[in-house]
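In: Let me see the structure of the following:
(one chain, ligands or ions: 2)
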Amino acid sequence: MGKAKVRKQKQGNGAGLFAMAAHMIAMGAKRKPLLLLIFPLLMMGIGLATTGNTFIKQYFFESVEGLVKGNEQVSVVLIYGAVTAMFPVLLYMLRQLSNFVMVAFFRTAEGFMGKELNEKAARIDPLVYEDNRFLDQINKAYMGLQSVGDVVVSMIVLVLNQSVYIISMAVYLFNVKPALLIIFCISFVPNIIGTVVRKRMYAKMEHQAAPYRRRYEYFEKCICSREYVKETRLWRSEGFFKKMYRKNLRECTRLDWQTSKHVLFIELGLRCLTLTGYVGTIVMLFYFMSKGEVGVGVFAAIFTSLDQLFSRINELFDVQIGAIGRSYGKAQNFFDFLNLPERQGQLEEPLKREIIELKKVSFTYPGSDRPALENINLTVRKGETIAIVGVNGSGKSTLTRLLTGLYLPASGELLIDGKHVSEISPKALYRNVSAVFQRYQSYKMTVAENVKISETGKEGTADGAGNMAVEDSLEKADFPTDSEKLSEGLDTMLGKDFGGIDLSGGQWQRLAIARGLYRAHDMIVLDEPTAAIDPLEEADIYRKFAEISRDKTAFIVTHRLGSAQIADRIIVMDSGHIVDMGTHEELMRREGRYREMYHAQAKWYA
Ligand code: ADP
Ligand code: MG
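Out: Ligands and ions are numbered 1, 2, ... in the order given. Below you'll find the predicted structure:
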């Protein structure tokens with residue numbers, strides 16, 4: 001059902017065939033405008049020349065006929081003979097040239113479209129990434145790029161080459177004898193039926209086989225993928241998974257084989273029909289020739305060209321129309337992706353962030369029916385350190401994502417220095433903002449690179465608003481740089497993937513904090529990047545953090561209240577609401593959730 005929904009949406013705003021071609025051609029013409037002039041001429045020329053081949057053969061056979069009858073010179077026959085013999089070779093060379101030009105042109109176009117995708121991916125509203133349906137779309141868009149190429153190239157070959165050839169042949173046949181054209185047209189029928197039937201049967205098969213395919217792909221993963229391998233080995237469950245894998249694979253193969261068999265029989269039947277058309281044309285030609293209505297030369301020319309004509313018609317359906325049918329849907333994904341929503345904010349001037357105000361702000365995740373934040377009112381002034389506390393799922397992370405401007409409120413107002421956040425350009429919005437997210441990344445790069453990634457433009461720029469050196473950031477985050485594990489110091493490679501060393505969870509977290517500190521910022525968020533660090537150490541890190549953030553706006557999210565005490569103000573959250581707010585002392589005086597939680601956790605700090 002979900003599938004049907006997505007498909008419907010695709011057809012709604014998708015690009016048509018011609019829009020697709022226009023887009024890709026425009027991309028290619030950016031760098032290779034000359035080729036755009038050359039390849040259509042080449043392709044149409046080749047189409048016409050292929051029909052010309054039949055003409056030349058006609059003249060040749062007529063001259064031979066003349067020679068036999070004694071009214072043509074040998075030299076003329078030889079010239080026609082030479083041209084007739086050379087023509088296919090020349091055509092072949094031209095075709096190679098045109099292929100080369102096409103490839104050059106469309107490779108360029110594909111390159112630009114890849115760039116287009118990457119740039120788009122960087123501009124998409126981050127909230128889109130929270131929506132599973134869209135995540136799927138993003139992957140598909142990258143696969144779709146290839147399909148756009150398939151569709152457009154097939155279309156161009158179809159329109160500029162195959163059609164030109166087939167239509168000019170039709171005109172030729174019509175001129176010879178209109179009746180020939182009828183037989184010629186009938187020969188399309190089996191191809192049309194074949195294309196439709198094949199598509200239907202394979203679609204039906206795909207529908208039946210899909211669940212089995214998903215299952216066997218899953219079991220395959222259980223046997224050999226990294227996340228499963230430890231359990232699979234320990235439990236010795238390979239045998240079971242292999243059995244399940246084979247069972248589902250067998251069902252898929254069976255369905256495929258069955259369909260292929262049916263399609264084959266239908267194709268054979270249809271080919272008999274084509275054969276009838278083929279033979280019919282020859283018989284008809286022969287009949288006209290015997291009545292003297294068609295010359296021997298024409299008969300011979302058509303007779304020797306029919307093979308080519310029929311195989312080109314087949315190719316048109318099997319190759320070009322086939323490719324368009326197969327790839328059109330996938331190609332749509334590329335254009336759907338380019339249409340994903342982006343931030344509209346235009347205000348470019350740097351923000352001072354003197355005051356951030358949330359007024360009756362609510363927020364709901366895409367695909368969720370319960371708001372993650374409801375009716376939030378909060379004013380934050382520059383330089384404040386604010387702790388956000390509350391149980392899991394109470395909305396702490398979501399609140400920080402709004403405060404940084406990553407997500408926009410669904411209702412209510414979020415104002416920075418009096419400006420609506422939706423009107424501020426992303427560049428201005430994220431400038432001088434740093435954050436360490438709950439699910440931070442562990443980059444497979446060196447220690448130093450893992451820190452510097454937060455501010456890639458920093459090197460070489462001398463200004464740096466309170467910039468810290470890499471070493472300082474690591475020190476402030478209590479990352480043990482003198483550990484003997486780091487054989488090459490800060491240039492030690494991390495992560496197993498590229499032959500580096502692995503760190504413990506706590507060390508990765510400290511590294512992530514160092515990264516957050518390294519980025520030039522006047523506002524920073526630490527969203528519980530400390531789960532793998534014990535409570536006392538966390539409190540220590542946060543204390544240091546508060547020191548270096550004294551003149552900056554800082555948000556620390558924690559469910560450990562011992563760490564929250566360093567804050568100027570503590571916000572207590574519950575089920576998407578701010579339920580209390582104040583200093584540690586104020587909150588402790590009140591009979592409320594904060595005091596309850598504090599006492600429950602007191603033993604951690606004993
Ligand atoms: P906290 O950080 O306090 O643990 P969050 O802000 O992460 O809480 O989550 C608040 C609420 O929003 C929770 O009910 C959670 O289930 C929901 N939520 C968080 N992320 C998503 C998401 N990507 N899609 C849908 N719901 C989400
Ligand atoms: Mg959270």
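
In: any weak-confidence spans in this protein?
Out: Using pLDDT under 70 as the threshold, the predicted model of the chain has low-confidence ranges 1-14, 458-467, 605-606.

In: near ligand 1, which residues of it?
Out: With the criterion set to Cβ under 6 Å from any ligand atom, the chain comes near ligand 1 through 130, 365, 368, 372, 390, 392, 393, 394, 395, 396, 397, 398. From N, CA and C alone the C-beta is placed, and that goes for glycine too.

In: I'd say the fifth one and residue 573 touch.
Out: Yes: with contact defined as Cβ atoms under 8 Å, residue 390 and residue 573 form a contacting pair (3.4 Å).

In: any common contacting residues for those two?
Out: Overlap of the contact sets of residue 390 and residue 573 (by Cβ atoms under 8 Å, 6 or more residues apart in numbering) consists of residue 396.

In: Which secondary structure elements does the helix or strand hosting residue 144 sit against?
Out: Residue 144 belongs to helix 132-156 when assigned by DSSP states H and E. Helices and strands touching helix 132-156, by 3 or more Cβ pairs under 8 Å, 6 or more residues apart in numbering; DSSP states H and E, are helix 17-31, helix 33-69, helix 74-123, helix 322-338.

In: again, only using 10 Å
Out: Applying 3 or more Cβ pairs under 10 Å, 6 or more residues apart in numbering; DSSP states H and E, one finds that helix 132-156 contacts helix 2-13, helix 17-31, helix 33-69, helix 74-123, helix 322-338.

In: next SSE after that helix?
Out: Toward the C-terminal end, the helix or strand that comes next after helix 132-156 (DSSP H and E) is helix 163-176.

In: and the angle from that following helix to helix 33-69?
Out: 30 degrees (axes from the mean of the first three to the mean of the last three Cα atoms, to 10 degrees).

In: can you pull out the strands in the stretch 451-600 of the chain?
Out: Counting by DSSP state E, counting those that start in this stretch, one finds strands in the stretch 451-600 of the chain at the ranges 523-527, 553-557, 569-574, 577-582.

In: burial count for residue 265?
Out: With neighbours defined by other Cβ atoms under 10 Å, the count for residue 265 comes to 10.

In: does it belong to a helix or a strand, and which?
Out: When elements are defined using DSSP H and E, residue 265 is found to belong to helix 238-290.

In: and the helix or strand just after that helix, what does it pack onto?
Out: Tracing the chain C-terminally past helix 238-290 and defining elements by DSSP H and E, one meets helix 296-315 next. For helix 296-315, the packing partners by 3+ Cβ pairs under 10 Å, 6+ apart come out as helix 33-69, helix 74-123, helix 163-176, helix 178-186, helix 189-224, helix 238-290.

In: Enumerate the residues of the protein near ligand 2.
Out: When proximity is defined by Cβ under 5 Å from the ion, the chain lies next to ligand 2 at 396, 397, 438.

In: wouldn't the second one be in contact with residue 436 here?
Out: Right, residue 397. No: the pair formed by residue 397 and residue 436 falls short of the contact definition of Cβ atoms under 10 Å, at 11.7 Å.

In: Tell me which of the two has more neighbours.
Out: Neighbours of residue 397 and residue 436, each counted by other Cβ under 10 Å, are more numerous for residue 436; the result is 26 against 18.

In: Next, the contact list for the more buried one, please.
Out: Remark: with contacts taken as Cβ atoms under 10 Å, 6 or more residues apart in numbering, residue 436 is in contact with 454, 477, 509, 511-517, 519, 524-530, 545, 556-557.
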